[in-house]
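Asks: Okay, sequence plus prediction incoming.
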Amino acid sequence: TCFMTPLIIDDPRVRAMVDHLAKQRGVTATEVVRDAVEQQLTKDEQRRLDRLAAIEELQDEAAPYRHLFLTDDDIYDENGLPK
């Protein structure tokens, strides 16, 4: 079994906003919080994917210039000693 502590919202302003939105939508406060958390998780995941795509784009742009940089294989022999 999984024991989860209840979510307690001590901030009266936050609680009022959640209750107001729940009343507006005709849903429970739990549904309002769940929807908000799901939306934020989705947004965070999209940001992560966007950053990865930007990194891949930079790697693709830099690929033609890789020969200009030395690697460990250029500097050290198979025993790890300087060439």
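Replies: Nice, I can see it.
Asks: give me phi/psi at residue 71?
Replies: Per-residue torsions, residue 71: phi -120, psi 170 (degrees, to the nearest 10).
Asks: what's the burial count for it?
Replies: Number of residues near residue 71 (other Cβ atoms under 10 Å) recorded here: 8. From N, CA and C alone the C-beta is placed, and that goes for glycine too.
Asks: now residue 60
Replies: Residue 60: 9 neighbours (other Cβ under 10 Å).
Asks: From residue 54, how far out is it?
Replies: Distance of residue 60 to residue 54, given as Cβ to Cβ, to the nearest Å: 11 Å.
Asks: following the helix ranked longest in the chain, which helix or strand comes up?
Replies: For the chain, the helix with the greatest residue count under DSSP state H is helix 29-62. Downstream of helix 29-62, the next assigned helix or strand under DSSP states H and E is helix 72-75.
Asks: Point out where this protein drops to low pLDDT.
Replies: 1-2 (pLDDT under 70).
Asks: Which elements pack onto the longest helix of the chain?
Replies: helix 12-25 (3 or more Cβ pairs under 8 Å, 6 or more residues apart in numbering; DSSP states H and E).
Asks: hmm, who's touching the helix it packs on?
Replies: 9, 28-29, 31-33 (Cβ atoms under 8 Å, 6 or more residues apart in numbering).
Asks: ok, which pair from these is furthest apart?
Replies: Comparing all pairs in the contacts of helix 12-25 by Cβ to Cβ, the longest separation belongs to 9 and 31, at 14.4 Å.
Asks: Next, the contact list for residue 78, please.
Replies: Contacts of residue 78 by Cβ under 8 Å, 6+ apart: none found.
Asks: Residue 32 - how many residues pack around it?
Replies: 19.
Asks: And residue 31, by the same measure?
Replies: Residue 31, neighbours per other Cβ under 10 Å, totals 14.
Asks: again with the one 10 residues further on
Replies: The number of residues packed around residue 41, counting by other Cβ under 10 Å, is 10.
Asks: Also residue 48?
Replies: Using other Cβ under 10 Å: residue 48 sits among 10 other residues.
Asks: Ok, residue 18 next?
Replies: Neighbours of residue 18 under the rule other Cβ under 10 Å: 19.
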